[in-house]
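Q: structure of the sequence below:
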Amino acid sequence: MPNNEHTSKQFDAELNTVRELVLQMGGLAERQIETAIEALATGNTGLMNHVIAEDHRVNALEVEIDERCNTIIARRQPAANDLRLIIMIVKTITDLERIGDEAKKIAYLGKSVAHASRISMPRAQEFQHAAQLVTGMLRTSLKVFSSLDISSVAHVVRQDEQVDAEFHAIMRHLVGFMMEDPRTISTALEMLFIAKAIERIGDHAKNISEYVVYTIKGRDVRHATTDEIEREIGTSGP
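A: A predicted model of the protein is given here:
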């Protein structure tokens, strides 16, 4: 019994370390988004270069966490809830790495936009509300991950619907720019790719919160409707 108890405590410590690393990775991804959007709004190419240079830190954490999870699976052979927790972690770091990639994409495209003619440049500030929404979604999803409290998941899903609506509004606005003045086409297309990157960040943030539902409830709700998710959250676990 003492050996089993010791092993259990080691296992719990390993899981806690991995979860802390995930939160560290999430905090870094969140700062990447905020910095990329600030750089875009101000035209600060130095900040854009900083976002691009920092992407390797997000990637390095993904590799480290993935290796730790593989080691835990090989050594501890977890089952049931513990196995679902590790699966959630592996899926979460994939989405966080992709969020980092999207932030880097915004920075790359922002450099082109910053050098565009001011006469033909749509306003980057129009993306800030959508960016604030997805940053808030990520922050909430990380809290859900940390606490394993799924009560906020439906709120994140509904925010993603707002982000999708804002993306389509931005797209219509940019199409109007291109139709009114062909000189805006190149820059407007780059801005459209930036808007799509923001929308994709929202999707990844939503995924992270939904993985926690899988961990707690044992059900994959990624393709469920918001109403179905709300009903699932209100039911007892398996």
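Q: any idea which element the residue nearest to the spatial centre of the chain lies in?
A: Among the residues of the chain, the one closest to the centroid is Ala205, at 3.7 Å (C-alpha atoms, centre = their mean). Ala205 is part of helix 185-217, with elements assigned from DSSP states H and E.
Q: how far out from the middle of the chain is that helix?
A: 7 Å (C-alpha atoms, centre = their mean, to the nearest Å).
Q: C-terminal to it, what's the next element?
A: Using DSSP H and E, the helix or strand that follows helix 185-217 towards the C-terminus is helix 226-233.
Q: tell me what angle the helix or strand of the chain with the lowest mean pLDDT forms with helix 185-217.
A: Every helix and strand in the chain was compared by mean pLDDT, DSSP states H and E; the lowest is helix 226-233, with a mean of 81. Relative orientation of helix 226-233 versus helix 185-217 (axes from the mean of the first three to the mean of the last three C-alpha atoms, to 10 degrees): 30 degrees.
Q: pull the residues that contact helix 226-233.
A: Contacts to helix 226-233, defined as C-beta atoms under 8 Å, 6 or more residues apart in numbering, come from residues 150-151, 153-154, 157-158, 161, 210, 213, 217, 219, 221, 224. Bear in mind the C-beta positions are built from the backbone N, C-alpha and C, glycine included.
Q: in space, what's closest to Arg200 - neighbours in sequence excluded?
A: Spatial nearest neighbour of Arg200, excluding adjacent residues (C-beta to C-beta, 6 or more residues apart in numbering): Glu102 at 5.3 Å.
Q: can you give me the neighbour number for the one you found?
A: The number of residues packed near Glu102 is 24, by other C-beta atoms under 10 Å.
Q: so Ile65 sits right up against Leu96, yeah?
A: No: using C-beta atoms under 8 Å, Ile65 is not in contact with Leu96, being 9.2 Å away.
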